[in-house]
Structure formats: structure tokens, C-alpha cells
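[1] Kindly generate the corresponding structure for this input.
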Amino acid sequence: MKIKNFLTAMLLVLCAAVWMNVQAQDTADDANLDTQLYLIVGTNGDVADSRIPPSLDGVVKQLRASLPFKNYRLAATLVNRVKNQGRLNLRWLGGPFATAASSSVTPSFSEFKIREVRLVRGSDGQGMVRMLNFTFAARIPIQTGLNVAGAGSAFPAISYENTGLDTDISMKEGEPVIVGTLNIGPSGDAIILVVSAKRTLK
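    Here you go, the predicted model:
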């Protein structure tokens, strides 16, 4: 009788554990994540506003130790919400890639996309965020020469060049990480891509 009672109790414990695991999985599947993409410019020139959000203090400290730039400034912050195991795709006009050929007639075009954002557990059990096919891309206008009109007047010949970065990354939930850097032409400046993501409470 005691063995039967013990087996019954063990069966109930196992059923409860399975149920809790399924509930936890369902909760994770239904979770939303807030993502932040920061575009930081590294430059040796003077900047009018070098303030960086306190949440990026650790990132800037890491940049100063590894990249030889005099100043850093925040060029843009992109905040988006995405469902766990969902995708994200954002396109916009303009961006931090200013060139001599940039104007309202010949702007740059930028794109940020992630094929899949997924909540996972690290080997230590800590919450992690995995981003598959993290992509940042831009099409930048470059002056390649001059076109001469019939009356003898000249106007710039503009060609668009592609630049960007594509990778898979994993990060601790809520912790900003440096994804990569992109050079900005002859100025010697660079764009540093920093991303973070955490599940929302709402």
C-alpha cells in the first residue's frame, strides 16, 4: 500500500512539473521584447553634443579602450517591439551616413532587420536573447563625377553604394552589446552598432 501511495505521489509530482514547464513555455512563446538599436558615431573631430545615455556607459568605456576615437556621439536610437520568435524589419530615409553628395534630392536609405528574435536560456540558466540574421544596411549617395548639360552647365553624377553588416548574435537579456562598426568614407569616422533587448512587462 505504501509503495502504491508513493508511486501515486511521484506521478502527481511529475504531472505538475510537466504542466509547469508547458505553462512556462507558453508564457515565453507569448512574450514580447523591446529592442533598442543605437547608432553611435566615433570621430576624432569635435562634437556639439557628446552626451550618451547612462545605460550605454559600459559600452562607451569598452569603445574607448578598443577604438582610437577622440569623441563619441549618439546619432540615433531606434526602439521597436517584437514578439518572441518573431521578425523585425524597419526601413527609413536618411541616417548617420552623411556624405558630400547627401541632400534632400539624394538622401541615404537605411534598413534594420532581424529574421528571428528568440528568448533562450544560457548554459548557466540565465535569460538570453538570440537574434538570427541581424542586418543593418544603408545605400549612400557618392559623387562619381560631373555631367555636362547642353548649355554647358554641369551637375554632379551620383551613384549609390551599399554598406552594412549581417550576423547572428546572442546577448544577455537587457544588456547592450556592440554588434560591429562601419567606416564612413574619407572622414575616418565610424558608426558603431549597439543593440539590446528585454522582455516587456506589458
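[2] Give me the neighbour count for the residue nearest to Leu56 when sequence neighbours are not counted.
    Leaving out its chain neighbours, the residue that sits closest to Leu56 by Cβ to Cβ, 6 or more residues apart in numbering is Pro176, at 5.9 Å. Heads up, the C-betas are built off the backbone N, CA and C, glycines and all. Around Pro176 there are 20 other residues, counting by other Cβ atoms under 10 Å.
[3] Please spell out which residues along the longest strand seen in the chain are buried.
    For the chain, the strand that runs over the most residues, judged by DSSP state E, is strand 127-148. Buried residues in strand 127-148, counted by 16 or more other Cβ atoms under 10 Å: 128-131, 134, 136-142.
[4] Against which helices or strands is that strand packed?
    Using 3 or more Cβ pairs under 8 Å, 6 or more residues apart in numbering; DSSP states H and E, the elements in contact with strand 127-148 are strand 109-121, strand 154-172, strand 177-183, strand 190-199.
[5] Worst mean pLDDT among the ones you listed?
    When these are compared by mean pLDDT, strand 154-172 comes last with a mean of 89.
[6] the inter-axis angle of that one versus strand 109-121?
    Orientation check (axes from the mean of the first three to the mean of the last three Cα atoms, to 10 degrees): strand 154-172 against strand 109-121 gives 10 degrees.
[7] how's the protein carved up into domains?
    Using automatic domain parsing, the domains assigned to the chain come out as 1-30, 33-199.
[8] quick one: least confident helix or strand in the protein?
    Ranked by mean pLDDT, DSSP states H and E, the helix or strand of the chain with the weakest confidence is helix 2-29, at a mean of 52.
[9] Show me what counts as buried in the next helix or strand after that one.
    As assigned by DSSP states H and E, the chain's next helix or strand after helix 2-29 is strand 32-43. Across strand 32-43, burial judged by 16+ other Cβ under 10 Å covers 33-43.
[10] Mind listing the strands strand 32-43 pairs with, and their directions?
    Using DSSP bridges, the strands paired with strand 32-43 are strand 71-83 (antiparallel), strand 190-199 (antiparallel).
[11] and the longest one, how far from the chain's centre?
    When distances are taken as Cα atoms, centre = their mean, to the nearest Å, strand 71-83 is centred 8 Å away from the chain's centroid.
[12] what's the angle from that strand to strand 127-148?
    Strand 71-83 and strand 127-148 are oriented at 120 degrees to each other (the same axes, to 10 degrees).
[13] in strand 71-83, what's buried?
    In strand 71-83, counting by 16+ other Cβ under 10 Å, buried: 72-74, 78, 80, 82.
[14] Can you give me every residue that contacts the closest residue to Asn80 other than its chain neighbours?
    Take Asn80 and drop its neighbours on the chain: the residue closest to it by Cβ to Cβ, 6+ apart is Thr35, 5.1 Å away. Residues near Thr35 by Cβ atoms under 8 Å, 6 or more residues apart in numbering: 79-82, 88, 114, 117, 195-197.
[15] Ile178 now?
    Applying Cβ under 8 Å, 6+ apart, the residues contacting Ile178 are 59, 62-63, 192-194.
[16] and it, bridged to which residues?
    Taking DSSP bridges as the rule, Ile178 bridges to Val194.
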